[in-house]
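# got a predicted structure plus its sequence, pasted below:
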There are 2 protein chains.
Amino acid sequence: MKLSQDIVTIDGIDKEILRDLMQDARKPILEIARKIGISGAAIHQRLRKLESSGLIAGSKFVINPKKLGYATMAFIGIYLDKAMRNPEAVKQLREIPEVLECHYTTGNWSILIKILCKDNEHLMNVLNHKVQSIEGVSRTETFISLNQQIDRQISL
Amino acid sequence: MKLSQDIVTIDGIDKEILRDLMQDARKPILEIARKIGISGAAIHQRLRKLESSGLIAGSKFVINPKKLGYATMAFIGIYLDKAMRNPEAVKQLREIPEVLECHYTTGNWSILIKILCKDNEHLMNVLNHKVQSIEGVSRTETFISLNQQIDRQISL
DNA sequence: GGTGAAATTTACGGGGC
DNA sequence: GCCCCGTAAATTTCACC
């Protein structure tokens, strides 16, 4: 088991395996094996090593939120009164299911969040009744994503 | 086959299946079946329906970028000279592998991107030599993510 | 690291209810 | 919409090189 701070080195075969699975997590290992030209067992043990190294964080089904009526994504920059209140504010942000990401950031804001709502009215409700009511939040700046053109992971 | 604009309605069993697979795309269907208490075939045909409805967009292996030395995430607001140049600018942003997301946004900027680099120096290089050199980009504002506290999908 | 084969478990599809 | 069942395929582990 590698230590958490270690950097993992991978070769071309690892990259090929990961590229395939990053695109489709349920792609059969044997199919990848046939394509690359090594045995399924070899890929299996490479994956086990990559998992235990921590490079593979997991796998996810990806849902299309629009199909559930969630069509409004927005980024919200948050100004906090005191930097010391940050952990408590994050804890409360975590309780808001519409919040998908939360970053401590450099620059104007203390925190930047990504939020997913059904529509503008829903967004307004979340902003006014949930985000703004968190203690320490003094002001917010909202940027609605009119259209997401790129969405991908790190390229190997 | 449902039309693209249709909203999909799902019941509690669908939610349970999806919640499991959103957390681990390789979780065996039979395991989910045993947990829920219905047959694997039932889950199988529910998944087929959810896929053809477009609600399931796919599946992904999730990589931990820090293990490859990518430790600096940043959001960059981009001002463009002319709104008409947007499609061309996005096309060029797509060629920059460090760019993970790209959104047309309301507010100050024309575009907001999320970027992933190894360190601050790498980020500076991408900004100065790749992003800033795109025609139409007049100014940028950078917000470095010091720490990402929340990262999740829509909750069902 | 890799192979190849055996054993186990899953995925998949049809027919019935 | 779900179950049972048969077939095909995938996963996983093993001894061996």
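Nice, I can see it. Residues are numbered from 1 along each chain as shown, chains lettered A, B, ... in the order given.
# what helix or strand is A:I144 located in?
Assigned by DSSP states H and E, A:I144 belongs to strand A:137-151.
# cool, and A:K91?
Assigned by DSSP H and E, A:K91 belongs to helix A:86-94.
# list the contacts for the residue in chain A that DNA strand D sits nearest to?
Nearest to DNA strand D, among the residues of chain A, is A:I29, at 3.3 Å (Cβ to the nearest atom of the strand). In this view, the C-beta of every residue, glycine as well, is placed from N, C-alpha and C. Counting by Cβ atoms under 8 Å, 6 or more residues apart in numbering or on different chains, A:I29 touches A:40, A:43-44, A:47.
# now do 7 Å
For A:I29, the contacting residues are A:40, A:43-44, taking Cβ atoms under 7 Å, 6 or more residues apart in numbering or on different chains as the criterion.
# quick one: contacts for A:G107?
B:F143.
# quick one: buried residues of the lowest-mean-pLDDT helix or strand in chain A?
The element with the least model confidence among the helices and strands of chain A, by mean pLDDT, DSSP states H and E, is helix A:86-94, at a mean of 94. For helix A:86-94, the neighbour count (16 or more other Cβ atoms under 10 Å in any protein chain shown) marks A:86, A:89-90, A:92-93 as buried.
# for stretch A:62-77, same thing?
The neighbour-count check on stretch A:62-77 (16+ other Cβ under 10 Å) flags A:62-68, A:70, A:72-77 as buried.
# check stretch A:145-156 too.
Judged by neighbour count (16+ other Cβ under 10 Å), stretch A:145-156 contains these buried residues: A:145, A:149, A:153.
# got JSON lines for those, with distance to B:S53 and pLDDT too?
Formatted as JSON lines, the entries for the buried residues of stretch A:145-156 read as follows, by distance: Cβ to Cβ, whole Å; pLDDT from 0 to 100:
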{"residue": "A:S145", "distance to B:S53": "24", "pLDDT": "98"}
{"residue": "A:Q149", "distance to B:S53": "24", "pLDDT": "97"}
{"residue": "A:Q153", "distance to B:S53": "25", "pLDDT": "98"}
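# all set now, cheers.
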